[in-house]
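Colleague: attaching a predicted model along with its sequence, questions to come.
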Amino acid sequence: MIDTAYLQELLTIAKQKGYEGLPAKDIWDNCCSSEDSNSQEVMKFIYHMDAIWDSGLINWKDNLQIERWGFTDHGHGELTLTASNLVLTSTGHALAEKLSTDSKLKRFTQLVKSAGVTAGTIAFGELISAYISGRLS
């Protein structure tokens, strides 16, 4: 299940750098104290970054040849993160703005829970679009 407060935190971190963008490693360093790919902290981070990427909330600023958001698990505890910068897409920016108050974050959390977003990223993306457009409020 998506942790909407954690999602808001990740979007806020990415938003702070604006058009300059932020390397995936910097987002990692802000959110993960462990480099053990099996830790709950790392799994939560990867899960949410995958959801953010799959929902079209972030994209690469300067290297569109990189697959996904730049995380690679080589196995045996060896992790790498691409140095290129991630930026919020217009949808990501709009969602970050919408989630900027506690009441809006609480409402979005209720919508995510009621929609059963564990159904997948397509459902999550559609929920985000409907929320940003005002079809869900």
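Modeller: Thanks, I have it.
Colleague: please report how far R68 lies from L99.
Modeller: 23 Å (Cβ to Cβ, to the nearest Å). Heads up, the C-betas are built off the backbone N, CA and C, glycines and all.
Colleague: which one of those two has more residues nearby?
Modeller: Using other Cβ atoms under 10 Å, the more surrounded residue of R68 and L99 is L99, with 22 against 13.
Colleague: so what's the residue positioned nearest the centre of the chain closest to, chain neighbours aside?
Modeller: Against the mean C-alpha coordinate of the chain, by Cα atoms, centre = their mean, the closest residue is I52 at 3.3 Å. Nearest residue to I52, sequence neighbours excluded (Cβ to Cβ, 6 or more residues apart in numbering): I58, at 5.3 Å.
Colleague: repeat that for C31.
Modeller: The shortest distance from C31 to any residue other than its chain neighbours is 5.2 Å, reached at F45 (Cβ to Cβ, 6+ apart).
Colleague: element containing the one you found, please.
Modeller: Take DSSP states H and E as the rule and F45 turns out to sit in helix 40-54.
Colleague: try T72
Modeller: Going by DSSP H and E, T72 is in strand 71-73.
Colleague: report all helices and strands that that strand contacts.
Modeller: In terms of contacts (3 or more Cβ pairs under 8 Å, 6 or more residues apart in numbering; DSSP states H and E), strand 71-73 is packed against strand 79-81.
Colleague: what average pLDDT does stretch 110-118 get?
Modeller: In this model, stretch 110-118 has an average pLDDT of 71.
Colleague: repeat for stretch 26-37
Modeller: pLDDT averaged over stretch 26-37 gives 77.
Colleague: show me where the protein has strands.
Modeller: Assigned by DSSP state E, the chain shows strands spanning 22-23, 58-60, 71-73, 79-81, 85-88.
Colleague: sheet partners, orientation included, of the third one?
Modeller: Right, the one you point to is strand 71-73. strand 79-81 (antiparallel) (DSSP bridges).
Colleague: quick check: mean pLDDT across the partner strand?
Modeller: When pLDDT is averaged over strand 79-81, the result is 74.
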